[in-house]
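Student: Quick one, what's the 3D model for this:
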Amino acid sequence: MTSSSPLTLPNALTLLRILAIPFFAIAVWYGHHWQAFILFAAAGFTDLLDGLIARAFDQRSDLGAVLDPAADKLLMTTAFILLAWRTEGMAAAIPVWVAILAITRDLVISFYAFASVDRLSDSKFHPSLLGKLSTAMQLIAVSAGLLFNALGSRPWMEPFLPEMYWAVAALVLASGIHYFMRATRPAAA
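Tutor: Here you go, the predicted structure:
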């Protein structure tokens, strides 16, 4: 059941997350690494909290179903762009090619879903296990990058970062291919 009122606590938390994105971007841009990490962590906490509240208190809404994933994608896209572009003074910048892969995958899936909305069932675009793993790995990579930038360069980080970014890239590609295959598969009769 979905709430008829768009003004629910989960939606308010989602809006708060969206409003935090410019402050997060400013912190990354100007090299305020601890503030960027704290804002990103707080945004992640509100994402977890809004989902729990929506389910526990039956406050799911049509607005929340659109707004929550949009807020997540906006935050992650902002993080990928800035952590790949504004690399001066960063101990753990995200490689540009990883950012491009992650953002392109999300754009292609979004455009395909939008263009096919009248022809495809809603179930073809629900997150799969592979999609959730990809998202989780992206969150880990961005969170670790932000934390490592806040801590400054440490020798123990160096071997960890390339493997983390390769894992992000592999999961982004695998989940993107999986979404496309699932979306274009003919419906069972």
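Student: Now for Val96, how many residues are close by?
Tutor: 14 (other C-beta atoms under 10 Å). Bear in mind the C-beta positions are built from the backbone N, C-alpha and C, glycine included.
Student: Quick one, grab the pLDDT at the residue nearest to it when sequence neighbours are not counted.
Tutor: Leaving aside its chain neighbours, Val96 sits nearest to Ala84 (4.7 Å; criterion: C-beta to C-beta, 6 or more residues apart in numbering). With respect to pLDDT, Ala84 scores 94.
Student: give me every residue that touches Ala84.
Tutor: Residues near Ala84 by C-beta atoms under 8 Å, 6 or more residues apart in numbering: Ala93, Ile94, Pro95, Val96, Val98, Ala99, Ile100.
Student: Try it again at 7 Å.
Tutor: Ala93, Ile94, Pro95, Val96, Ala99 (C-beta atoms under 7 Å, 6 or more residues apart in numbering).
Student: wait, isn't Val28 in contact with Glu88?
Tutor: No: at 11.3 Å, Val28 and Glu88 do not qualify as touching, with contact defined as C-beta atoms under 7 Å.
Student: Looking at the residue nearest the centre of the chain now. What's its pLDDT?
Tutor: Against the mean C-alpha coordinate of the chain, by C-alpha atoms, centre = their mean, the closest residue is Met76 at 4.0 Å. pLDDT recorded at Met76 is 93.
Student: what's the model's confidence in stretch 135-148, averaged?
Tutor: Here stretch 135-148 scores 91 as its mean pLDDT.
Student: Give me the buried positions along that stretch.
Tutor: Thr135, Met137, Gln138, Leu139, Ala141, Val142, Ala144, Gly145, Leu146, Leu147, Phe148 (16 or more other C-beta atoms under 10 Å).
Student: any idea how far the helix or strand that the last one is a member of is from the chain center?
Tutor: Per DSSP states H and E, Phe148 falls inside helix 129-151. Taking C-alpha atoms, centre = their mean, to the nearest Å, the mean C-alpha location of helix 129-151 is offset from the chain mean by 9 Å.
Student: So what touches that helix?
Tutor: For helix 129-151, contacts defined as C-beta under 7 Å, 6+ apart pick out 33-34, 36-37, 40, 44, 76, 79, 83, 90-92, 94, 102, 157, 164-165, 167-168, 171-172, 174-175, 178-179.
Student: where do the helices sit along this protein?
Tutor: 9-29, 33-56, 62-85, 96-115, 129-151, 160-184 (DSSP state H).
Student: Next, the angle helix 96-115 makes with the fifth one.
Tutor: So the one you mean is helix 129-151. 140 degrees (axes from the mean of the first three to the mean of the last three C-alpha atoms, to 10 degrees).
Student: ditto for the first one
Tutor: Orientation of helix 9-29 against helix 96-115 (the same axes, to 10 degrees) gives an angle of 150 degrees.
Student: Thank you kindly, that will do.
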